[in-house]
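Q: Pasting a predicted model and its sequence here:
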Amino acid sequence: MAPPIVQLDAIPLEGLSLDLTLEHGWLRDLLEPTGAAPAGDRAQTASVRLDLQGREVLVSGSLHLTLQAPCVACLEPVQFPVGQSFQLLLEPAAVKNTPARPGEEVELTADELDTDTYTDDKIDLGHWLREQVLLETPVHPRHAGECPAPLNVPETSVAGRGSAVDPRLAVLKTINLKKE
Ligand SMILES: [Zn+2]
């Protein structure tokens, strides 16, 4: 299931700590536009803490994900951790404080649109975690350092270097022996 929606009055004064296991299907769906996906069967988790600051809610936590996506250099899958911590301050949606009169248009300034808010006394953790995952998923993932060599690399350049004697040299050796 998706991360829960937490009711404001379910947050105790001392704060609320949650350890969430993020369902693969949920992650897969939200990551699909990015080309990334949860890696293998590893547990994908997030720890989240909610603290009340008056009517504002401080949401902090960290992601513990292992994702995979095609490497931009060699197109082979590359796995990478997504594990940053985050902190958001949410305030009650402005409409709640200043209800518009019927027929009155509510003007949204750019400032207000950028403000993180919650509505109806609900903190939708799915919404905020989704945003964090998308923010931290690399757009152009690639292998750290050298990409691993393709599996079907021709080995001719390597053969003959070891203890095996080049056939041409072997012939010379035989000739020398005959001279003696
Ligand atoms: Zn690569």
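A: Sure thing, it's come through. Numbering: from 1, shown residues only.
Q: buried sites along the top strand by length along the chain?
A: What stands out as the longest strand in the chain, according to DSSP state E, is strand 56-70. For strand 56-70, a neighbour-count test (16 or more other C-beta atoms under 10 Å) marks 57, 59, 60, 61, 62, 63, 64, 65, 67, 68, 69 as buried. Where C-beta positions appear, they are placed from N, C-alpha and C, glycine not excepted.
Q: Mind checking what secondary structure residue 144 has?
A: Using DSSP: H, G, I helix; E, B strand; the rest coil, the structure places residue 144 in coil.
Q: what's the spacing between it and residue 78?
A: Between residue 144 and residue 78 the computed distance is 8 Å (C-beta to C-beta, to the nearest Å).
Q: So between these two, which is more surrounded?
A: A side-by-side neighbour count of residue 144 and residue 78, using other C-beta atoms under 10 Å, places residue 78 first with 22 against 7.
Q: Contacts only, for that one.
A: If a contact means C-beta atoms under 8 Å, 6 or more residues apart in numbering, then residue 78 has 68, 69, 70, 71, 141, 142, 143 as its contacts.
Q: And the closest residue to the first one other than its chain neighbours, its phi and psi?
A: Yep, that's residue 68 we're talking about. Spatially, and ignoring its direct neighbours in sequence, residue 68 is nearest to residue 39 (4.0 Å; C-beta to C-beta, 6 or more residues apart in numbering). Here is the backbone geometry of residue 39 (degrees, to the nearest 10): phi -90, psi 130.
Q: quick one: low-confidence ranges for the chain?
A: For the chain, the stretches with pLDDT under 70 are 1, 94-115, 151-180.
Q: for the ion, what are the nearby residues on it?
A: Applying C-beta under 5 Å from the ion, we find that the chain lies next to the ion at 71, 73, 74, 143, 147.
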